[in-house]
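Novice: Quick one, fold the following:
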Amino acid sequence: MDQQRIFQAEVQSVSSRVEDELISPIQGYAYKNASACFFSKLKRSDRQACVQAALNPASQASEYVQSEFDQLSERVNRCAQTCQDDIYGFSTKQTPEMKEKLEECTKNCMFKASRFLPEMYERIQKNLAPLQPPSSEFVKGAIPTSGIPGLENLGSPAPISKEDA
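Specialist: Numbers count the residues shown, from 1 in each chain. Have a look, this model is predicted:
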């Protein structure tokens, strides 16, 4: 099934783009913030809360992106199931014509879904925008500590050089 391979490649391309362009910066920033938790004089339980708070945006982003791809898969599967129900119905026979119609219908499902991949990417990008690190601070390696329990009054640790990042 040629259309299936094309569709899978398109989905993989969007998934890689989301990972590289949107998720990785959020994760990198979260890990930098989490590492700051270990350079403060926090109690063990406070340090754990600090790390959890720092990593939370990355977890939220990953869960959201996974739900978007899951919904896409569910829609394609529902469409393919509708094709099967419409073509085979309650019949126990599977004629070559029916199989051909089913294949054409399921190809159509994937074709329709692939047209919405750019829209899905834009939606993901828009929804992840609030979680994206401030680019100037991320590039410089500064780690803002506001909003992370136990680090509010600590100040930023020394910037991390690009070689360390």
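Novice: Burial check on Ala113, number of neighbours?
Specialist: Taking other Cβ atoms under 10 Å as the criterion, the count of residues near Ala113 is 18. (Glycine included, C-beta is placed from N, CA and C.)
Novice: can you check Asp70 too?
Specialist: For Asp70, the tally of surrounding residues (other Cβ under 10 Å) stands at 10.
Novice: and what of Thr106?
Specialist: Thr106 has 22 nearby residues by other Cβ under 10 Å.
Novice: quick one: what helix or strand has it in it?
Specialist: Counting by DSSP states H and E, the secondary-structure element that holds Thr106 is helix 96-115.
Novice: what comes up buried for that helix?
Specialist: Residues of helix 96-115 classed as buried by neighbour count (16 or more other Cβ atoms under 10 Å): Leu102, Cys105, Thr106, Lys107, Cys109, Met110, Ala113, Ser114.
Novice: Likewise for stretch 42-51?
Specialist: Leu42, Arg47, Ala49, Cys50, Val51.
Novice: between the helix or strand in which the third one is found and helix 96-115, how many degrees?
Specialist: Meaning Ala49. When elements are assigned from DSSP H and E, Ala49 belongs to helix 44-88. Per axes from the mean of the first three to the mean of the last three Cα atoms, to 10 degrees, the angle that helix 44-88 makes with helix 96-115 is 140 degrees.
Novice: circling back to that earlier point, can you tell me which helices and strands the helix holding Thr106 packs against?
Specialist: Under the contact criterion of 3 or more Cβ pairs under 8 Å, 6 or more residues apart in numbering; DSSP states H and E, helix 96-115 touches helix 2-18, helix 44-88.
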